[in-house]
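**Student:** Build me a structure from this.
(5 chains)
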Amino acid sequence: MTGESKALSLTIALLFIISASLLATITTASSIPQPPRDQTVVIGGGLWSPPTNFNPLVPWSATTGTIGLIYETLYLYIPNLNKWIPWIASDMPKWINSTAIEIKLRNAYWWDGKPITSEDIKFTYYTLPKEIPSLYYANILSYLINVATPDARTVIFKFNATSMNYPQFYYYLYTLPILPEHIYQPIIKKVGMKILKMPIVGASKPEDIVGSGMYRVYYTTSDTLYYVRADNWWGKAYFGLPGPKYIKYIMVFSNQVAIAMLVRGDLDWSNFFIPGVPTLVNRYNFLVTFYKTKPYYLPANVAVLFMNVHKAPLNDPRFRKALYYAIDIDRIINEVYQGAVEKANPVGLINIPAWQQFLAKDLIEKFGYKYDPKMAEKLLNEAGYVDRNGDGWRDLPNGTTIDLKIIVPYGWTDWMQAAIIIADCLKAVGIKAEASFPAYGVYADKMYKGEFDLLINNFGSFVSISPWTYYEWLLWPDAPKIGQYSWSGNFGRFYNKTIRSLLEEISHTPLSNINKLKQLYRELELVLLQQMPYIPLWYNAAWFQATTIYWTGWPTSGNPYGMPLTWPGTWQYGGLLTLLHLKSMKVTGTTTSHTVSPTQTTTSPQVTIPAKTTTSTTLTHKTSSTPISTTPAITTSTPTTTPVPASSNATYGIIVAIIIIGIIVGVIIWWRKR
Amino acid sequence: MAMKMGFGEYVAKRIVLYIIVFFTAVSIAWIIPRFLGNPIAIIIARLGPGQAGAAIAASYFMQAFGLNKPLYEQYILFWIGLFHGDLGISVWLLGKPVSQIVFKALIHDLILMVPAIITSWFIGNYLGAIAAKYRSLDRILLPILYILTATPYFLLAMILQWTFSVQYKLFPAVIQTSILDRLFTNPSWPTFIAFIKEWTLPFLSLVIVSMGGWASGMRSLMIYELESNYSRFMEMMGLSSRLISSYAFRYALSPQITGLGIQLGTMVVGAIAVEYIFNYPGLGYFLFNAIINNDPFLLQGAILIIVLMVIAANFIVDLLYAALDPRIRLGVMG
Amino acid sequence: MAQHNIKLKDLTKIFSLGLLGKKRIVAVDRVNLEIKSGEILGVLGESGCGKTTMARMILRLLRPTSGKIFFDNIDVWGLKKWSEIREYYKNVQGIFQDPYASFNPRRRVLDSLYDTMRFLPDIAHDISKSREYLREILNSVGLKLEELENKYPHQLSGGQLQRVAIARALIPHPIFIVADEPVSMVDASTRIDILNIFIDLKQEYGVSPVIIGHDYSLAYYVSDRIVVLYRGQIVEEGSPEVLEDPAHPYTKLLKESVPLINRKWSKKFKPNIVAYDATVRGKGCIFAHRCPFRKPVCIEKEPPIVSLGRSKVRCWLYATN
Amino acid sequence: MAGFLKAFKRSNVWRLLKKNARFWICLMIIIAVAVLGIVGPYMTKYGPKTPTGEIMAPPSSKHPFGTDYFGYDVFAETVYGIRVSLTVGIFAAIIATIVGVMLGMVAGLRGGIIDYIVDTVINILLAIPPILIMLLIAAFMGKRGIIELGLLIGLLSWQWTARAVRSQVASLKVSDYVATSMLSGNSFIRIMFKDIFPNIASYSLLSFVIQLGSAMLTVITLEFLGLGASEWSLGAIIQLSVLWGAIPLGVWWWWFYPGIIIVALIASLYLIVVSLEEVFNPRLRRE
Amino acid sequence: MDMILELDDYRVYYKTLSGYVKAVDGVNLSVAEHEIIGLIGESGCGKSTLALSLALPKPPMKIMGGKANFLGIDLTRIPWKKRREILLSKLSIIPQYALDSLPVIKKIRDFLRDIARDKGVDEEKVFERFKERINFIGLPREVIDMYPIELSGGMRQRVVIALATLFSPALLIADEPTSALDVTTQRHVLELFSELRDNNIVGSIIFVTHDIASVRQIADKLAVMYAGKVVEYGDLEEVIREPLHPYTRGLIKAVPTLGINYKKKRLKGLAGSPPSLLNPPPGCRFAPRCPYAREECRINDPPTIVLDGYRTVKCWLYTRR
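**Tutor:** Got it, this is the predicted structure:
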């Protein structure tokens, strides 16, 4: 071997040894048997960062399921049915007098065996916000005077009548997770406020968290989160146990990956926005959506076109109204969503019972907002927005050119497309407009600072018990000036005295006083219709696609028991019920081994399960005979986790390294021979 | 006149250059995101309703990420952290240390790119040499090679994905990162095979395109070499064309080895698109997501590792080149 | 005719190589020389002796490392203004070895001449006048203006082109023309004519050529005074006759090695062909390692310049220390 | 000019080019693509965002490239896309070539500190993948118009040209004819334009074509990553198709046609360079 | 005397886009055993083409006719495979710029090994042979384990000579082997050639050069080429003493020698330049430059006239009519 070949092969070998040793030293300590596929429900759509934070006190950072699967709320709320389901509570809240509410509890207990008592409720609702003033729901104390615990199963909340915020309190009833006082109290004593910075409270790793819910963390990797059913869950007696023994929650960042996994049956339950759902549902008939046809999904929130009402010409209500007439929302719905969402009404109240009752239909009819570009042009002409410099675009009455920019985050494909269409519509009526797609962070920054012309957003418009949550987010009257961060939804900085007082009054009106509320909302909506400070576009759907390859029992229009959502903090809207309804395909006994072969042509909607075993087998799943599936339940808490000796990692790395080096040596020998 | 430059000096000169490159690149990666937007906004955007909580969260994160400090202090802290191996916490993948993310991504990249580069380098150079040697074959090979070079990585990736995973279901369309994870946490042959299946298409996309570049480069180099003085002389000595072209090949390899380092740079970027299409969790994937999610910390980390990788590769290539080329090894240049 | 001169004072050029400039090649080593008008100076040296470097330094194309060049007591490298430099070039012109390389292949040869015509603003502005002038100049080097019309360099033979190069240098009527190997790329049958032109230039135009070359007999033929260079130093200087009977061992070696048409080499003499490393220079005589007459002092100390009447020699053999 | 053309036609270059079939095929392809970009928008009755009413229709006589997910005509999108992508590419290539040739010439001719700085910058740009910086800057650029993007790409891809020009000029600089030119009393600027530039002009032309090819590749990649100039560029069409699941949905025509046009264009540019190099450089000529 | 090589109406043209360049146009020449024949001529006269075409007639070079009988084999129509066998073992060539002709990336030993394997010869024998040669040539033995770049130009030149004479070829063609060397090295290399011949390491040598003075030192015979044709051939001493062809005469007159200074004697070169070989003039190609040219010379190509049995001249002046 001559010198240079030696040098070459040594260098290449070195390169590989480096990479191989990197391979060998790769982190992660332990290994856990992969849960059997047919006992696992694979979910995606709500995990956007590595599952490391399980602190229910910082819900924006907490991994999905922290509230719902681990820590539970007093009630579930099913928006599409406007139905309350007592969860830890045993009954609906009962008004004892006008300032006190009584809630009875079920016989529930924490995973460590301690019961969930009224003290835990008091701790959650009263003690915690008091001790941690910077807690996100600390403002509850502005109207919650005290919480009494007459006995272990009874809680009485006492309010200040004048400052009482009814919708918020009801909202908290199904969103605040009840926390174990016996675990949290000592920690707070010790660390105080710093509890907010702890990713996991009361344990060293997520597997050891003490919660009360039906699933506990099984293990986590950087992009996958496994839950295992808590077989000693208190709710077994009331609700039965959920179907899947395991939940595998995966982090996926792109639509195309989600589609690919869904159609291969690698994803059972998807809360992604997925394009081409009509096509997919036609082609792969194991795909389930809530509705079989349009609109396929339940509405979940409102996509709103925000306008910077401090910037000409958007500070002119006439101009804003003209925009409404100019925008062809149906075109967005048809082209972008293929009809999978519904058009929003001009005030944006979602079509759920709790909200619809406060929609002033007559007012909306009277104003008669609709897509009408002629009308838009007429309004613009009347208001003096005509082309003054002859460039073909409309200008301000004072001659300044108008050049609007619609921003949506880059990568949010449906909104990007919608923004393009909106710009297109505006151009059609002579308004120069351009869709622009900054990075998400830049978008968010501009949005919170109010430094934009037009943008689409939906963050705080989620379905709830009362439209107040929506209006409060949208119209937050104390939003700081443009340029300062406003963390509410009043991105356009629309200030209106009437609205401020109306929002105030609505919050002080009991939910039962429907007539008064109707009147108040009507007044509020009148202002909105007159001023048009924002344009509700369409109802963003509760994206949900599921496959029936492993699991059945999904909520559909035929059996609409809940909203099948798994996004963080939304399990109470129906996700938990879905888990309870799920039945394994194996249990139903249809087949022991099935093959998924998507029907290639849309004309043969043959049921594919059990499918004919054709040549094209994308996925063959044998029902495993692994010990776990045959031994019904290791009823005692978590399955034993066997830490894999570190050497196994290294061994594997070395094997890979040897293979690679072998290939390289082969190549070198081949090369030497030349 | 032969210019003399020692091997040590050659290496020293390269090291100085690489240090400049490193500082420039990392500083650019640090500066650019600072000028635009507050990365905290992205976290708050996840919060949903509640003005009170958001304000609290915002101030909390401003402090946690050190964004409330003056810029120069942040810059100094960044370098201090860097030398302690601390690259900060990702904003996009909230809570995860950037060093962990990029380290893992680096390993994924090495698994994908090192074999891809080496394979394409060998095959490409071989094809190029053949094209240069046999003129009849050249007619067919030349356009093919240039068409391959002209193909964007992502387009070939899409063609492969469409052909091999949608039309003929031979390979999975995307990487399921869980399989990769499992490969490391819980290795087994089925996982390994599943991984290899998922790895094949991204690998092929990278190999085929960059192969075209190598081959076309090798072809022109070989044609030059086959016309050079020593080739002439060897022909005059009646040596076989096989031997002559093997010498020409050796000569032509030197610039190709230098090209290896530069090619790595383009491949990293080409890999962004490929990783994006196949959902492969390499550095390109994280870099891209860091960009579109305005995650300065992850961005810095990813760029840092990419630059380090490119520099390391360039350096290895420089050494290799020096080792292979006696002109440098013996300190004579030009 | 006024006497002009170019004086080289301790002229040195060192090429630094490597990262820190550690490797040094001394191309020209403390050369002191006076070039006087009215004579043809021949500079003789092998490749690598620094003769081209010296020419380029005189022509202000390469900056000396140290030492000075004076033209009529004006420091040539001290000139800063473009007009002064032009003035210098008006007086000192140059010709290079390869005539094809001396002309831009993309420009017509006459263009280059017209460029040079701008030294003479009175004539240059008038096209017919400048054509007349050019015709005259070209005639003096044996060319016709019409032959060159619209010609590119590659369309002319080497001999013709070198004549054009001389004509170009002659345009401003310089005092000196520094010609670096003017005939080495020209065919043997026409070389002598080119050299004759230089002789004519001196005799008819009063231009003083400095002819740098490696050819022993050509140097003898053309020079009024001869300088022999070795490794950047002048080893011998004198009238051409020194070449017939050299004093310095190096010149002797050259004389023995040179092939001449009228004699065959003697079989007795075996030239020492030990090569030298351009970067290594000892303390002593630069020729010491090859010198058959080497004495211990040659390695230790640099030899002085000894005047031998008809020539000056840098050698210990003649020093009376 | 006419005289020049005549001379050109008589020259070897023309004789060799006439015989080179590859050159003509490639030229035809480039012209065809350019014509498609210029005339195309007038050939289709659809705009790039005109709904056709047919969703995901395969190629047919009505829609030669089919329609996409949104029901837009892919042919219309493509021809508008060519316009944008090609304009950015040409602009970038012009900038890269001008900057590269200028810097290379000044650095090579002037030497000294300028040369050192240019050389260092070139080496830095060769070591860091410039497209990485482009990606970064493009991502944070407020407005990515054709000019901005062209500038960005052009200003970050001149290093190859500059390096080649610099070394060529450095060798020209010590050449005798530049020395002759100096002796003729020509100024620095005059030498640069009369003596140096004509000798690197043919290289500059080749360099421009190569730059155009690689700039197109860069443009397309940036567009594909969503950092392009306009929503209708070729790369953006392909990106949109990926984002909207064209591959699993089987809408191959959505990305294949724009893609194949890109490849044909860039490959033709590269192959033309090969043909021209063979013409300019006898050593590469293969009978 | 046995003839090693006999050229008969040998023609080699270059194919260019403008037509054929008739570089070698009907050459008759014989090389006898054990003789050194000098082939001189101006640049572009076809002498290198003639030399190269014997070994490696590669496009764009094309043998257009005639015979080249080399040891009973006609080199003009020999298949490539057969030619490869002859090359190096029987017919060797030292190319122009030989000092750049070694592959620098390999040690000389590795290069030798590759040659041995390729030629199917025992490696050790080749090493031995090479050591013998470098010993003869006067290079140290260590050269074999060095890279070519570690050697000086002269050493590389001699390594090439060693390689070319490795298998004791019957004919060695040396194409301008000394033009890039120092005077002293040049002498050594030139003498080497005659020593190689004297020691029977090579048979005959064709020594191609433009320098009549160096060919004078070693050759036995001299062939003068002008514009693709051999115009004069004969015993070296005779030709130099008494050149017959006007071209040879002019050439020899134009070469100065030591002792001739312009002040004593003005030499004169040949006027004009050689014709283009693309469209050579009819008749004698030297006619346009010939002082003795007659009408006939411009119309008809002169025949090759044989004088004294083997001395030839191609000129109308010597025809008997």
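
**Student:** can we go C-alpha only for contacts and neighbour counts from here?
**Tutor:** Fine.

**Student:** Do a quick rundown of the helices in the stretch 1-150 of chain B.
**Tutor:** B:7-34, B:40-45, B:51-64, B:71-83, B:98-133, B:135-150 (DSSP state H, counting those that start in this stretch).

**Student:** interface residues of the stretch 201-350 of chain A facing chain B?
**Tutor:** By Cα under 8 Å from any Cα of the partner chain, the residues of the stretch 201-350 of chain A that approach chain B are A:221, A:223, A:224, A:250, A:257, A:260.

**Student:** Could you list which of the residues you listed also contact chain C?
**Tutor:** For chain C, no contacts are drawn from those by Cα under 8 Å from any Cα.

**Student:** and which of the residues you listed is nearest chain D?
**Tutor:** Of all these, chain D sits closest to residue A:260, with 6.5 Å by Cα to the nearest Cα.

**Student:** Distance check, the closest one against residue A:243.
**Tutor:** 25 Å (Cα to Cα, to the nearest Å).

**Student:** Please apply the same query to residue B:152.
**Tutor:** 47 Å.

**Student:** for residue A:568, same thing?
**Tutor:** 21 Å.

**Student:** next one: residue A:313
**Tutor:** Taken as Cα to Cα, the span from residue A:313 to residue A:243 is 56 Å.

**Student:** ditto for residue E:134
**Tutor:** Residue E:134 sits 90 Å away from residue A:243, going by Cα to Cα.

**Student:** What of residue E:36?
**Tutor:** Taken as Cα to Cα, the span from residue E:36 to residue A:243 is 103 Å.

**Student:** More neighbours: the two, which one.
**Tutor:** Comparing residue E:36 with residue A:243 by other Cα atoms under 10 Å in any protein chain shown, the one with more neighbours is residue E:36, at 26 against 21.

**Student:** Please look at residue A:255 and residue A:272 and confirm they touch.
**Tutor:** Yes. In this structure residue A:255 lies within contact range of residue A:272 using Cα atoms under 8 Å: 7.2 Å.

**Student:** so which of the helices of the stretch 1-150 of chain B comes closest to residue A:450?
**Tutor:** Residue A:450 sits nearest to helix B:40-45 of all the helices of the stretch 1-150 of chain B, at 12.3 Å, using Cα to Cα.

**Student:** all strands for the stretch 1-150 of chain E, in order.
**Tutor:** Assigned by DSSP state E, counting those that start in this stretch, the stretch 1-150 of chain E shows strands spanning E:3-16, E:19-32, E:36-40, E:61-70, E:73-74, E:91-94.

**Student:** Highest mean neighbour count out of these?
**Tutor:** Among those, strand E:91-94 has the highest mean neighbour count (mean count of other Cα atoms under 10 Å in any protein chain shown), at a mean of 28.

**Student:** what residues does that strand touch?
**Tutor:** With Cα atoms under 8 Å, 6 or more residues apart in numbering or on different chains as the test, strand E:91-94 has contacts from B:233, B:236-237, E:52, E:55, E:160-161, E:164-165, E:169-175, E:177.

**Student:** now the helices: where do they sit in the stretch 201-334 of chain B?
**Tutor:** Under DSSP H, counting those that start in this stretch, the stretch 201-334 of chain B gives helices at B:229-236, B:241-278, B:283-292, B:296-324, B:326-329.

**Student:** now those in JSON lines, with mean neighbour count?
**Tutor:** Converted to JSON lines, those look like this (neighbours: other Cα atoms under 10 Å in any protein chain shown):
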{"stretch": "helix B:229-236", "mean neighbour count": "21"}
{"stretch": "helix B:241-278", "mean neighbour count": "22"}
{"stretch": "helix B:283-292", "mean neighbour count": "25"}
{"stretch": "helix B:296-324", "mean neighbour count": "23"}
{"stretch": "helix B:326-329", "mean neighbour count": "20"}
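
**Student:** how about those helices, which one is nearest residue A:434?
**Tutor:** helix B:283-292 (19.4 Å).

**Student:** between that closest one and helix B:98-133, what angle do the directions make?
**Tutor:** 120 degrees (axes from the mean of the first three to the mean of the last three Cα atoms, to 10 degrees).

**Student:** does any part of helix B:283-292 sit near chain A?
**Tutor:** Yes. Residues of helix B:283-292 contacting chain A under Cα under 8 Å from any Cα: B:291, B:292.

**Student:** And that helix, what does it pack against?
**Tutor:** helix B:98-133, helix B:241-278, helix B:296-324, helix D:130-140 (3 or more Cα pairs under 8 Å, 6 or more residues apart in numbering or on different chains; DSSP states H and E).

**Student:** The shortest one versus helix B:296-324: what angle between them?
**Tutor:** When the same axes, to 10 degrees is applied, the directions of helix D:130-140 and helix B:296-324 differ by 170 degrees.

**Student:** does helix D:130-140 come close to chain B?
**Tutor:** Yes. Using Cα under 8 Å from any Cα, helix D:130-140 reaches chain B at D:131, D:132, D:136, D:137, D:139, D:140.

**Student:** next one: that helix to chain centre, how far?
**Tutor:** Centre-to-centre, helix D:130-140 and its host chain are 18 Å apart (Cα atoms, centre = their mean, to the nearest Å).

**Student:** now the helix or strand following that helix: how far from the chain's centre is it?
**Tutor:** Next in sequence after helix D:130-140, counting helices and strands by DSSP states H and E, comes helix D:146-155. Centroid separation for helix D:146-155 versus its chain: 12 Å, with Cα atoms, centre = their mean.

**Student:** Tell me the buried residues in helix D:146-155?
**Tutor:** D:146, D:148, D:149, D:150, D:151, D:152, D:153, D:154, D:155 (16 or more other Cα atoms under 10 Å in any protein chain shown).

**Student:** which bits of the stretch 101-250 of chain B sit near chain E?
**Tutor:** So far as Cα under 8 Å from any Cα goes, the stretch 101-250 of chain B lies against chain E at B:229-233, B:235-240, B:243, B:247, B:250.

**Student:** What are the buried residues along the lowest-mean-pLDDT helix or strand in chain C?
**Tutor:** Every helix and strand in chain C was compared by mean pLDDT, DSSP states H and E; the lowest is helix C:121-124, with a mean of 81. Within helix C:121-124, the residues scored as buried using 16+ other Cα under 10 Å are C:123, C:124.

**Student:** what about it and chain D, any contact?
**Tutor:** No. Taking Cα under 8 Å from any Cα as the criterion, helix C:121-124 and chain D are apart, separated by no less than 12.2 Å.

**Student:** tell me what that helix is packed against?
**Tutor:** Contact partners of helix C:121-124 among helices and strands, from 3+ Cα pairs under 8 Å, 6+ apart: helix C:109-117, helix C:127-140.

**Student:** For the ones you listed, give me CSV that also has distance to residue E:191.
**Tutor:** Listed next are these as CSV, based on distance: least, Cα to Cα, whole Å:
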stretch, distance to residue E:191
helix C:109-117, 43
helix C:127-140, 42
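
**Student:** deepest of those, which one?
**Tutor:** Neighbour counts (mean count of other Cα under 10 Å) averaged over each of the helices and strands packed on helix C:121-124 peak at helix C:109-117, with a mean of 20.
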